[in-house]
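*Asks:* could you work out the structure for the sequence below:
(2 chains)
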Amino acid sequence: MEPQEDLVPTAIVEPPSALRWRTMLAVPFAAGIALTAHTFIANREPPLETHSYRLLFIEVIAVSILLALLRRFSPGLRRWMANMWPIFTAAIVSVCVWDIVTLGLRMLPLPYFPGPSAVLRSLINDRVLLLDSTWHSLVLLLSGYTLGVIGGLISGICIGWSSPIRYWGMPLLKVVGPIPATAWIPLTMVLSPSATVSSAALIALAVWFPVTMLTASGISNTRASYLDVARTLGAGRAYLIFHVAIPAAVPNIFIGLFMGLGASFLTLVVAESVGVKSGLGWYVSWAQGWAEYGKVFAALIIMAAFFSTIMTVLFKVRDRVLVWQKGVIKW
Amino acid sequence: MVAPAETEASSLVVREVRKSFPAPDNPLSRRQVLDGVSFSLGAGELISLIGPSGCGKSTLLRLVAGLDSADSGDLLIGIEPITAPNAERGLVFQDPNLFPWLTVRRNIQAGLVARGVLHEKKNEVDEFMRLVGLEIFANVYPHHLSGGMAQRAALARALINHPKILLLDEPLGALDAFTRMRMQDEVLRLWQARRTTMLLVTHDIDEAIYMSDRIMIMTPRPGRIERTIPVELARPRQRDSGDFLRLRSDILKFLHFAGKS
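*Replies:* Below is the predicted model:
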């Protein structure tokens, strides 16, 4: 038997929650400052409706104190708080600075840079339309992205595996691929009867290129010795492609999926603001048309949450699929 | 060397095999790597192929595996010519080449999956994991294994197809001295238990003497089998017995001489 110490990775033993009071109190303290600063500013500017903004910070203070009390019952909560509290504090401080700079000191020109309380108000008042826009964006994004990924995987695997297809396909890919998908907008608007369909196609195109590129390079860079071993084990072509080349290419494929996701966000927003009559991109340009910049910022905040959630989901999927890489490379 | 008639099918015959590759510095000229290699391997034999690096040992092994084809000459299993890789000729490299995306168990059963017979032979997977002592590591990914364990998994993966011939390309070359000696016994145990014909490429003279029935010595440029030495020592062999050491110094002398000529 070999020595076994190197077998099972030693579990990382966490120190028993070194969560200091200073970290703990940072969040309610920052929220308190933000609240005070806002109250002070709002007293000088009475016409503003700031009820929801104040309520938000009161809730933040209440929840953070509650969590501080609950933390002794859950080590998971302690870890999460120790990890996230500094970030939350920084976020609250940033909002406070934003409030002071815009509403308090009026350092930025006004219709374009509303204070956080105005943005929060737009967010609450327009929540139905924002939710509806987010839903439309999600449907459009997912349909385009799925289409692009399927197409990209198929063409990438073909190009990566077969030299004749690579010979003819690669030049096409190299010439057509780098054109930003949004540059096709004038053409697709003419070709397609529906703006939604053409937008989905554009998103698919934007995703297709990086996925194809990275899949093809992953497949063609499969270690020759893996293929040799598989052949001597009696593998036919299907096994070599689906059980050797594709699994070996998966790390690369994920890079393509991430690049494609970034490209799809860009294409989605552009397509929505020029053609499609729904979605977050449309909402932003519509609100801008009415000079309602509170709504513009509200939509930007929703977009940030929306896109980063989708990104996080893809990261989780990768962690699942590439669990075998854990310990081999640093993510 | 004549193989017993009833096991004729698992004997290997290599006759006047030549192989050249484009020279790396000048693509127009070709470098002769194998120049008329002939030998035969009887069923159940364990033969070593030794020689300095670059003498064409690995090339010869790839030809026998069917991964490359010879420029001229015959390679036969029984009376069948070798044309393509086949599950009846297993190959183990110096690098275990376990698929990193599969657990140890899935690596070992890869050959069964590839041949589409996993369903009928599912019970053999456990048998082979026990054979190489890896049953408790079934669900571990390969990078958690030590070098010796990974190589044992690679051996099990090759053996699960019941190959008639197992080709070993310096399988123990990357292991430390202690692990290597233990693995030599391990391979011998597998050989004796399963009576698989084995062709072992190595550059370790001690390993060749310790393990094989015969030793073929190759010399480079052009690659030829210069001499075949039968090892008539009783098993299990003692690495420090007088006969062992005498044979060792004979081979060293010959390699030295061959290197000078």
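*Asks:* how far away is the residue of chain B found nearest chain A from residue B:234?
*Replies:* As assessed by CB to the nearest CB, chain A sits closest to residue B:87 within chain B, at 3.0 Å. To be clear about C-beta, it is placed using only N, CA and C from the backbone, and glycine gets the same treatment. Distance from residue B:87 to residue B:234, counting by CB to CB, to the nearest Å: 34 Å.
*Asks:* ditto for residue B:27
*Replies:* For residue B:27, the distance to residue B:234 equals 52 Å [CB to CB].
*Asks:* ok, residue 201 - how many residues close by?
*Replies:* No chain in the question, so chain A it is. Residue A:201: 21 surrounding residues under other CB atoms under 10 Å in any protein chain shown.
*Asks:* actually, chain B is the one I wanted.
*Replies:* 24.
*Asks:* now do the strands in the chain.
*Replies:* The chain I'm using is chain A. With DSSP state E as the definition, chain A shows no strands.
*Asks:* was after chain B, sorry
*Replies:* Going by DSSP E, chain B shows strands at B:12-22, B:30-41, B:46-50, B:72-77, B:80-81, B:89-92, B:165-169, B:197-202, B:214-219, B:224-230.
*Asks:* so for residue B:87 and residue B:234, which sits in the more crowded spot?
*Replies:* Comparing residue B:87 with residue B:234 by other CB under 10 Å, the one with more neighbours is residue B:87, at 21 against 8.
*Asks:* which residue, other than its chain neighbours, is closest to the more buried one?
*Replies:* Among residues not flanking residue B:87 along the chain, residue A:234 sits closest, at 3.0 Å (CB to CB, 6 or more residues apart in numbering or on different chains).
*Asks:* count of neighbours near residue A:36?
*Replies:* 12.
*Asks:* check residue B:142 too.
*Replies:* Neighbour count for residue B:142, taken as other CB under 10 Å: 22.
*Asks:* excluding sequence neighbours, find me the nearest residue to it.
*Replies:* Closest to residue B:142 by CB to CB, 6+ apart is residue B:98, at 3.9 Å.
*Asks:* OK, contacts around the one you found?
*Replies:* B:104, B:107, B:142, B:145, B:150, B:153-154, B:157 (CB atoms under 8 Å, 6 or more residues apart in numbering or on different chains).
*Asks:* do you know the pLDDT at residue A:16?
*Replies:* pLDDT, residue A:16: 45.
*Asks:* tell me the residues on the stretch 101-250 of chain B that lie near chain A, please.
*Replies:* By CB under 8 Å from any CB of the partner chain, the residues of the stretch 101-250 of chain B that approach chain A are B:101-102, B:110-111, B:113-115, B:133, B:137, B:140-141, B:143-146, B:148-149, B:157-158, B:161, B:167, B:179.
*Asks:* list buried residues within those.
*Replies:* Those of those that meet the buried threshold are B:101-102, B:110-111, B:113-115, B:137, B:140-141, B:144-146, B:148-149, B:157-158, B:161, B:167, B:179, by 16 or more other CB atoms under 10 Å in any protein chain shown.
*Asks:* how far out from the middle of the chain is the longest helix anywhere in chain A?
*Replies:* Longest helix of chain A, by residue count under DSSP state H: helix A:127-161. Here helix A:127-161 is found 14 Å from its chain centre; the criterion is CA atoms, centre = their mean, to the nearest Å.
*Asks:* do stretch B:191-201 as well
*Replies:* With CA atoms, centre = their mean as the basis, stretch B:191-201 stands 9 Å off its chain's centre.
*Asks:* what about that stretch, start to end distance?
*Replies:* One end of stretch B:191-201 sits 15 Å from the other (CA to CA, to the nearest Å).
*Asks:* per-residue confidence for the closest residue to chain B within chain A?
*Replies:* Residue of chain A nearest chain B, by CB to the nearest CB: residue A:234 (3.0 Å). At residue A:234, the model reports a pLDDT of 90.
*Asks:* count the residues that sit near it.
*Replies:* 23.
*Asks:* hmm, it is touching residue B:114, no?
*Replies:* Yes: if you go by CB atoms under 8 Å, residue A:234 and residue B:114 touch, sitting 5.0 Å apart.
*Asks:* shared neighbours of these two, anything?
*Replies:* Common neighbours of residue A:234 and residue B:114, using CB under 8 Å, 6+ apart, are residue B:87.
*Asks:* got the buried residues for the lowest-mean-pLDDT helix or strand in chain B?
*Replies:* Sorting the helices and strands of chain B by mean pLDDT, DSSP states H and E puts helix B:242-260 at the bottom, at a mean of 80. Along helix B:242-260, these residues count as buried under the neighbour rule (16+ other CB under 10 Å): B:244, B:247-248, B:251, B:255, B:258.
*Asks:* poorly predicted segments of the chain, please.
*Replies:* Chain wasn't specified; assuming chain A. A:1-19, A:45-50, A:327-331 (pLDDT under 70).
*Asks:* meant chain B, my bad for not saying
*Replies:* Applying pLDDT under 70 to chain B flags residues B:1-10, B:257-261.
*Asks:* change it to 80
*Replies:* Chain B contains residues with pLDDT under 80 at B:1-10, B:24, B:26-28, B:53-54, B:220-222, B:255-261.
*Asks:* which residues in the stretch 101-250 of chain B form helices?
*Replies:* Secondary structure of the stretch 101-250 of chain B (DSSP state H, counting those that start in this stretch): helices at B:104-108, B:110-114, B:118-131, B:147-159, B:177-194, B:205-211, B:242-260.
*Asks:* make a markdown table out of the ones you listed and add distance to residue B:70.
*Replies:* Output for the helices of the stretch 101-250 of chain B, formatted as a markdown table (distance: least, CB to CB, whole Å):
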| stretch | distance to residue B:70 |
| --- | --- |
| helix B:104-108 | 31 |
| helix B:110-114 | 25 |
| helix B:118-131 | 32 |
| helix B:147-159 | 23 |
| helix B:177-194 | 27 |
| helix B:205-211 | 24 |
| helix B:242-260 | 24 |
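*Asks:* remind me what the longest helix of chain A packs against, helices and strands.
*Replies:* The contact analysis (3 or more CB pairs under 8 Å, 6 or more residues apart in numbering or on different chains; DSSP states H and E) places helix A:127-161 against helix A:163-176, helix A:195-220, helix A:246-274, helix A:280-289, helix A:293-321.
*Asks:* so the shortest one versus helix A:195-220, what angle?
*Replies:* Per axes from the mean of the first three to the mean of the last three CA atoms, to 10 degrees, the angle that helix A:280-289 makes with helix A:195-220 is 130 degrees.
*Asks:* ok, residue A:140 - contacts?
*Replies:* Residue A:140 touches A:196, A:199-200, A:203, A:268, A:271-272, A:276, A:279, counting by CB under 8 Å, 6+ apart.
*Asks:* which ones among those residues also lie next to chain B?
*Replies:* Answer for the contacts of residue A:140 near chain B: none qualify (CB under 8 Å from any CB).
*Asks:* quick one, what contacts the closest residue to residue B:76 other than its chain neighbours?
*Replies:* Distances taken as CB to CB, 6+ apart place residue B:13 nearest to residue B:76, at 4.4 Å, with adjacent residues excluded. By CB under 8 Å, 6+ apart, the residues touching residue B:13 are B:40-41, B:74-76.
*Asks:* so which pair among the residues you listed is furthest apart in space?
*Replies:* Across the contacts of residue B:13, no pair lies farther apart than B:41 and B:74, at 13.7 Å, counting by CB to CB.
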